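K.L.:
only geometry, no sequence info:
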């Protein structure tokens with residue numbers, strides 16, 4: 001049986017969703033409650049933190065890029081858990097202008113489809129009873145979205161809390177918790193505004209503090225009692241075509257961003273994933289039939305990668321006879337050179353002619369649709385793919401044959417087409433700046 005769930009959301013980013021989510025996951029796990037986490041939207045970072053806090057693999061569910069069958073199949077991973085907690089992206093109703101597979105990417109789409117009531121985190125700093133008007137608006141915005149209650153965040157004092165609670169009572173909105181101002185458990189930011197779970201050396205201590213903080217200030221029994229679901233039977237997981245039978249997967253701090261549902265789908269299809277570390281100067285397994293370089297932070301490790309001769313030579317040899325695919329950071333590492341933020345150029349693997357620079361940052365963000373001109377591992381020419389792009393690299397050269405016609409969520413073509421280069425021994429190198437989510441069905 002699929003357990004009941006809740007969607008942790010807010011009016012905007014930076015309001016405290018992640019603090020509440022991680023604190024709840026860690027507190028419930030400490031108390032012996034099995035919680036299955038999910039992340040609404042294409043965020044690459046939060047699922048790893050969810051997994052660390054809950055002890056269960058977290059998955060992205062996204063209404064723009066995934067059909068309902070895929071979303072339902074992923075929620076089937078909650079089998080055996082006691083509770084589902086989904087963490088929203090941005091504001092509850094925020095999405096793109098043109099709907100995709102089964103919505104516009106808003107967390108409200110997932111909450112409505114799954115029947116998960118919303119726990120709204122409200123930043124009450126600088127206001128009191130007026131915050132109730134915000135809660136009331138969120139309560140009435142979509143009739144198919146049920147507001148379980150609110151958790152007040154950044155409360156200044158007991159008097160401040162009492163005033164906010166008066167407004168909520170007048171609006172008929174339940175207060176499930178009240179979090180005082182406390183900066184020390186907030187997640188740090190750097191570079192792209194993202195810190196990976198694996199980089200957080202004191203993560204166990206942060207999670208323990210978050211668990212204690214949330215336990216003290218949130219009515220967890222009332223929150224659990226509000227959970228519901230409309231998914232009554234266990235759905236079949238959506239099939240995922242793996243890129244090969246034996247997949248050499250780059251995996252370290254420079255190459256860390258691959259969607260968990262893809263890895264799980266590859267393994268469920270019977271593929272074997274063979275991790276290797278370019279930063280440790282390791283080459284892809286010689287008996288693999290495909291190599292996949294995920295996104296990450298090659299620009300922060302460009303000097304190490306440039307000096308990794310075994311990795312570079314091994315990848316070059318691999319590409320002569322087999323397929324190598326890179327996405328975002330992996331794509332940049334497949335290029336000829338990468339210029340770091342200080343203007344220093346580092347030699348990359350040279351499988352493609354791509355040249356990128358972080359000396360002049362240019363922000364690229366958003367959903368992507370790709371109609372493939374040529375095959376990539378797991379998908380043939382003509383396939384329609386969906387993914388997400390987030391990076392600050394400036395493209396100096398992208399001289400190889402265009403891999404795809406790529407457009408954004410407004411159906412406007414973007415100039416970063418990805419690249420393909422074929423080798424005489426039958427191998428090929430392909431890459432894109434977007435992170436693959438799946439094929440449009």
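P.N.:
Structure's in. What do you need? Computed from a predicted structure; not experimentally measured.

K.L.:
so which residues of the stretch 151-300 of the chain form strands?
P.N.:
Taking DSSP state E, counting those that start in this stretch, the strands of the stretch 151-300 of the chain run over residues 175-180, 246-250, 272-276, 290-293.

K.L.:
which non-adjacent residue is nearest residue 237?
P.N.:
For residue 237, ignoring the flanking residues on the chain, the nearest one in space by CB to CB, 6 or more residues apart in numbering is residue 73 at 4.0 Å. In this view, the C-beta of every residue, glycine as well, is placed from N, C-alpha and C.

K.L.:
number of residues surrounding the one you found?
P.N.:
22 (other CB atoms under 10 Å).

K.L.:
likewise residue 154?
P.N.:
Count around residue 154 with other CB under 10 Å applied: 18.

K.L.:
same question, residue 280
P.N.:
Going by other CB under 10 Å, the residues that sit close to residue 280 add up to 11.

K.L.:
who's in contact with it?
P.N.:
Neighbouring residues of residue 280 by CB atoms under 8 Å, 6 or more residues apart in numbering: residue 252.

K.L.:
just the pLDDT for it.
P.N.:
Model confidence at residue 280, given as pLDDT, is 98.

K.L.:
cool, and the one 4 residues further on?
P.N.:
For residue 284, the pLDDT comes out at 98.

K.L.:
so it sits against residue 291, correct?
P.N.:
Yes. Look at residue 284 against residue 291 with CB atoms under 8 Å: they come within range, at 4.5 Å.

K.L.:
which neighbours do the two share?
P.N.:
With CB under 8 Å, 6+ apart, residue 284 and residue 291 have common neighbours 248, 250, 315, 318.

K.L.:
isn't there a helix covering the last one?
P.N.:
Yes. Following the definition DSSP: H, G, I helix; E, B strand; the rest coil, residue 318 is counted among the residues of a helix.

K.L.:
that one: neighbour count?
P.N.:
23.

K.L.:
got a list of what it touches?
P.N.:
Contacts of residue 318 (CB under 8 Å, 6+ apart): 248, 283-284, 286, 288, 291, 324, 427.

K.L.:
and which of the residues you listed is nearest residue 24?
P.N.:
residue 248 (37.3 Å; CB to CB).

K.L.:
thought that closest one was touching residue 293?
P.N.:
No. Applying CB under 8 Å, one finds residue 248 not in contact with residue 293, separated by 9.3 Å.

K.L.:
please say which of these two ends up with more neighbours.
P.N.:
residue 293 (31 against 28).

K.L.:
these two touch, right, the more buried one and residue 328?
P.N.:
No. Using CB under 8 Å, residue 293 makes no contact with residue 328, being 9.3 Å away.

K.L.:
about what we covered before: show me the two of the shared contacts of residue 284 and residue 291 that sit farthest apart.
P.N.:
Of all pairs in the shared contacts of residue 284 and residue 291, the most separated under CB to CB is 250 and 318 at 11.5 Å.

K.L.:
find residues that contact each of the two.
P.N.:
284, 291.

K.L.:
can you give me how far stretch 206-214 is from the chain middle?
P.N.:
How far stretch 206-214 lies from its chain's middle: 23 Å, per CA atoms, centre = their mean, to the nearest Å.

K.L.:
what pairs with the helix or strand where residue 37 lies, parallel or antiparallel?
P.N.:
Residue 37 belongs to strand 35-40 when assigned by DSSP states H and E. Strand pairing for strand 35-40, determined by DSSP bridges: strand 59-61 (parallel), strand 83-87 (parallel).

K.L.:
what does it rub up against?
P.N.:
By CB under 8 Å, 6+ apart, strand 35-40 touches 3, 7, 9, 21, 24-25, 28-29, 46-47, 50-51, 53-54, 56, 58-62, 74-75, 77-78, 81-89, 107, 110-111.

K.L.:
re earlier: neighbour count: residue 284 and residue 291, which is higher?
P.N.:
A direct count of neighbours by other CB under 10 Å for residue 284 and residue 291 places residue 291 higher, at 31 against 26.

K.L.:
which parts of stretch 406-426 are buried?
P.N.:
406, 408-409, 414, 416-421, 423 (16 or more other CB atoms under 10 Å).

K.L.:
break this structure into its domains for me.
P.N.:
Domain assignment for the chain by automatic domain parsing gives 5-225, 246-439.

K.L.:
which among those is found nearest to residue 238?
P.N.:
domain 5-225 (4.1 Å).

K.L.:
quick check: residue 101 is in a strand.
P.N.:
No. Residue 101: not assigned to a strand; according to three-state DSSP it is coil.

K.L.:
which of the buried residues of stretch 406-426 fall in strands?
P.N.:
406, 419-421 (DSSP state E).

K.L.:
just give me the neighbour total for residue 181.
P.N.:
For residue 181, using other CB under 10 Å, the count is 11.

K.L.:
touching, it and residue 125? I think so.
P.N.:
Yes. Contact criterion CB under 8 Å: residue 181 and residue 125 qualify, at 7.5 Å.

K.L.:
between these two, what contacts are shared?
P.N.:
154, 156.

K.L.:
so residue 70 makes contact with residue 438?
P.N.:
Yes. Counting by CB under 8 Å, residue 70 touches residue 438, with 6.6 Å between them.

K.L.:
who has more neighbours out of those two?
P.N.:
Each of residue 70 and residue 438 has its neighbours counted (other CB under 10 Å); residue 70 has more, 25 against 22.

K.L.:
for the more buried one, which non-adjacent residue is closest in space?
P.N.:
Nearest one to residue 70, counting by CB to CB, 6+ apart, is residue 238 at 4.2 Å.

K.L.:
burial measure for the one you found, as a count.
P.N.:
If you count neighbours by other CB under 10 Å, residue 238 ends up with 20.

K.L.:
repeat for residue 370
P.N.:
25.

K.L.:
and if you look at residue 158?
P.N.:
Neighbours around residue 158, by other CB under 10 Å: 10.

K.L.:
including pLDDT and distance to residue 163, could the ones in strands among the buried residues of stretch 406-426 go into CSV?
P.N.:
Shown next, in CSV, are those (pLDDT from 0 to 100; distance: CB to CB, whole Å):
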residue, pLDDT, distance to residue 163
406, 98, 51
419, 98, 58
420, 98, 61
421, 98, 64
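
K.L.:
okay, those residues in CSV with distance to residue 345 next?
P.N.:
Listed next are those as CSV, based on distance: CB to CB, whole Å:
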residue, distance to residue 345
406, 26
419, 19
420, 24
421, 21
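
K.L.:
other SSEs contacting the host helix or strand of residue 135?
P.N.:
Here residue 135 sits within helix 131-141, counting by DSSP H and E. Contacts defined by 3 or more CB pairs under 8 Å, 6 or more residues apart in numbering; DSSP states H and E place helix 131-141 against strand 118-123, strand 147-155, helix 158-171.

K.L.:
what is the mean pLDDT for that helix?
P.N.:
98.

K.L.:
buried residues, that helix. List them.
P.N.:
Those would be 131-132, 134-136, 138-139, for helix 131-141 by 16+ other CB under 10 Å.
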